[in-house]
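Colleague: pasting the structure only:
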């Protein structure tokens, strides 16, 4: 007794397994149960909450439960997409952790028969003055580049944030977008008793054993070094061959169903395929190609070796399948058969190594209610660093409240600063679809000539604001994504999300999770955007406590004409600058408040309906070609949004934020306050007026000349740019 | 004109090259195990990570059956264009002089680059981790003297520390051309510039 505890099962859960089997499990069975009943695989603390999310819509082709979600983009094509976390592996070994995170999400998408056409990443680290954070950032960025670049899928967007609560437990969320002919898409359900089960791709080794239970479903802490062997090693060349092989197999109609091997390896793939199809599967581990000859059945069943896929194939087609594996120089082995037993049977040759009902493995894990408890106050630290940050960019002796110094300090703040250092390490072009590259627009824009249109994709989240108010902060994350799409002229089709939270067995993270899911549901309902898939990553804590609650939202939208999209850079001297939308800037949760050490609970409640209306107006204006630039007002407020549009376009501006003063904002709130719903637009004055935008000034010159009522100041564009582009000096 | 675009396991940009070539004539993929280049007027060795770029970029691909055929094709005066990994393969195969080393920054870099050619400037993206052109000084002198330097990075644009800002070279006969930047990613105004078409035209020149 007690072995189940080492594997992460409670005594009660173990008792339930004994009850369902009618006997004690053997080692193979216990290993398999412990993985499928882990938080990572069973979603036992989140599944009940996730039922609140809207998942239906007329464009939905595949929803939650499949390897990835998919939406119809017309002309017989569908776009598949999903975001997934690889947080704990990345915290232990950032290069391989991030690389295999990308590899895993790619497999989820091509398992549907979709060719991956884009990757986006959402990354969180501690502050950059920590050597650990710099190490994790560098490793994760290199790992993402290593995998994505080598496999030939462009990394077109993403975000990177730096906050102290991620110091120990960084977040690496990767999103993949794929394109498929709808009629060629395949589901993961095993079907057809007597059909063969074929394992394709890399040989199975001892890497990643226990990844889902030991690593992904427990808090990080001392001794994480010892967990390195639970991190998998990625090989993008192997996956490149596997990807091409799978797509050719599906294109030729040779597969009944396909599933990737991710967390819990063969155990979860086989069990989930059997469960979805209402069948059983017999597997012979003696037929699994191995890297090491002496592996035990339980090791083979739980190995998380990368670059493997499991397919169900009609017996007559097995030779053709194996021949294509040969062509692509990837592994292919018939390792089992679909049965009508409703059981997973693990054999080694003739010997039975384990036998379990599929229903017990996949659906037998108890689902827990959370025990949420709202914390009294702000439960995270927050130091006042404004004076030193201002002095560093504007010179010693600069007053910490000097607006010029504050603007430069905000632009240089790693969360706001240009992430060019990172995205230049990624191939954003391969595939010839990228119409808007990273930082050229608020969302990446990809042309789909097959479907006669384009899509825009964005991934967003702001853990700090969610920490201030989990409900409102999560609504804002959805709104920011929708606003980013609107800036490119795109209308949202579907949403995927990754919920990164702390230990759900503790009251505060449980409360954050509960409130965040309700915010996600509310925002999606109000915008009419279905949630087509997602992932939950819990137990993200370090010795200092939980991470900021971090729901990350990925959204895909469509636009009719890739030539009619819009960038975020000012484009023309003399253009008018306007502000559109229900933007009510406040110091709550802002970047400036963070630098001041003033963070606390509470955010204003967003007006989702009004933001949705503004999104629609901007979207139509972009599609009509009546704007020169469109940029959502986000981190660092209006002043930073202006600086970003100006720096990107190489054009200054003269702006008076008086209209925000008239909405009751202080000068500082008008310039640096944050909140959802603001669009910064440039174009012809009449076009902006027609839209109902509030005019703030005009594009031109070589300075940012800003005023907010009675206060005015100006910053040279060059100085603003060198602050905004200062990330490399902080990292390298 | 019929273009053949090689496809190795691990190639990434072969479909992009195929699309670019299709704008200029007929184009088809040539699988790495094929030896028959019959009917093909020009060969493109595309970008990517052929055979995973294990050992060294391009080191394995040069031994493929298709590359043996390309060597014969080039020796017979056929036009060959190597892009990025294809440039590395052609250097490994000895069809082009010099070698490509790890970028000076030791990081993969993807950005739009300004190139200089004898016929004017080009704006074409580059994306690679091993693109630092190297050749001994005497060889560099000879290449320059014989006019084999086809493309240079404009001042301040060299992304990898290449010797003398060299972005691309020709062989002595002039029928084999290699460069690190990606002309096949500069053939559509929607995705950037169309200057890449000029590189394909340079090959035919």
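Modeller: Looks like it arrived, so ask away. Just so it is clear, the model here is predicted, and its values are computed rather than measured.
Colleague: what secondary structure does residue A:578 sit in?
Modeller: strand (DSSP: H, G, I helix; E, B strand; the rest coil).
Colleague: I figured it was touching residue A:686, is that so?
Modeller: No: under the criterion of Cβ atoms under 8 Å, residue A:578 makes no contact with residue A:686, lying 11.1 Å away. Every C-beta, even on glycine, is put in place using the N, C-alpha and C of the backbone.
Colleague: Relative to chain B, which residue of the stretch 201-350 of chain A is the closest?
Modeller: The stretch 201-350 of chain A approaches chain B most closely through residue A:237 (2.9 Å), counting by Cβ to the nearest Cβ.
Colleague: Count the residues that sit near that residue.
Modeller: When counting by other Cβ atoms under 10 Å in any protein chain shown, one arrives at 20 neighbours for residue A:237.
Colleague: Check the one 4 residues further on too.
Modeller: Applying other Cβ under 10 Å, we find 26 other residues in the vicinity of residue A:241.
Colleague: Just the element for it, please.
Modeller: Using DSSP states H and E, residue A:241 sits in helix A:236-251.
Colleague: so what strands line up beside the helix or strand following that helix?
Modeller: Downstream of helix A:236-251, the next assigned helix or strand under DSSP H and E is strand A:257-260. Using DSSP bridges, the strands paired with strand A:257-260 are strand A:308-313 (antiparallel).
Colleague: which strands and helices sit next to the lengthiest helix in chain B?
Modeller: Taking DSSP state H as the criterion, chain B has its longest helix at helix B:65-75. Applying 3 or more Cβ pairs under 8 Å, 6 or more residues apart in numbering or on different chains; DSSP states H and E, one finds that helix B:65-75 contacts strand B:2-7, strand B:42-45, strand B:79-83.
Colleague: contacts for it?
Modeller: Applying Cβ atoms under 8 Å, 6 or more residues apart in numbering or on different chains, the contact partners of helix B:65-75 are B:6, B:8, B:30-37, B:40, B:43, B:45, B:61, B:80, B:89, B:93, B:95, B:171, B:175-176.
Colleague: quick one: low-confidence ranges for the chain?
Modeller: Went with chain A since none was named. Applying pLDDT under 70 to chain A flags the ranges A:1, A:208, A:210-230.
Colleague: ah, I was thinking of chain B
Modeller: Using pLDDT under 70, chain B drops low at B:205.
Colleague: which bits of chain A sit near chain B?
Modeller: Listed as neighbours of chain B in chain A under the rule Cβ under 8 Å from any Cβ of the partner chain: A:142, A:145, A:149-152, A:235-238, A:240-241, A:244, A:328-329, A:423-435, A:447, A:562-563.
Colleague: Mark which of the residues you listed are buried, thanks.
Modeller: A:142, A:145, A:149-152, A:235-238, A:240-241, A:244, A:328, A:423-435, A:447, A:562 (16 or more other Cβ atoms under 10 Å in any protein chain shown).
Colleague: Of the residues of chain A next to chain B, which belong to strands?
Modeller: A:434-435, A:447 (DSSP state E).
Colleague: As CSV, those with distance to residue A:33 would be great.
Modeller: As requested, those are arranged in CSV below (distance: Cβ to Cβ, whole Å):
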residue, distance to residue A:33
A:434, 45
A:435, 48
A:447, 47
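Colleague: What's the local residue count around residue A:180?
Modeller: 25.
Colleague: which ones are touching it?
Modeller: Neighbouring residues of residue A:180 by Cβ under 8 Å, 6+ apart: A:70, A:77-80, A:112-115.
Colleague: How about the residues of chain B by chain A?
Modeller: Counting by Cβ under 8 Å from any Cβ, the residues of chain B that sit close to chain A are B:9-13, B:15-16, B:19, B:47-49, B:51-54, B:107-111, B:125, B:127, B:129, B:182, B:184-185, B:188, B:190-192.
Colleague: and with 7 Å instead?
Modeller: Neighbours of chain A within chain B, by Cβ under 7 Å from any Cβ of the partner chain: B:9-10, B:12-13, B:16, B:19, B:48-49, B:51-52, B:107-111, B:125, B:127, B:185, B:188, B:190-191.
Colleague: Going through those residues, which ones are buried?
Modeller: B:9-10, B:12-13, B:16, B:19, B:48-49, B:51-52, B:107-110, B:125, B:127, B:185, B:188, B:190-191.
Colleague: what ranges do the helices span in chain B?
Modeller: B:14-22, B:65-75, B:85-92, B:137-145, B:196-204.
Colleague: Quickly compare those helices and say which is most buried.
Modeller: Among these, helix B:85-92 has the highest mean neighbour count (mean count of other Cβ atoms under 10 Å in any protein chain shown), at a mean of 28.
Colleague: helices or strands next to it in the packing?
Modeller: Counting by 3 or more Cβ pairs under 7 Å, 6 or more residues apart in numbering or on different chains; DSSP states H and E, the packing neighbours recorded for helix B:85-92 are strand B:42-45, strand B:79-83, strand B:99-101, strand B:176-179.
Colleague: I'd like a version of these in CSV, one that adds mean neighbour count as further columns.
Modeller: Below are the helices and strands packed on helix B:85-92 laid out as CSV (neighbours: other Cβ atoms under 10 Å in any protein chain shown):
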stretch, mean neighbour count
strand B:42-45, 28
strand B:79-83, 27
strand B:99-101, 20
strand B:176-179, 27
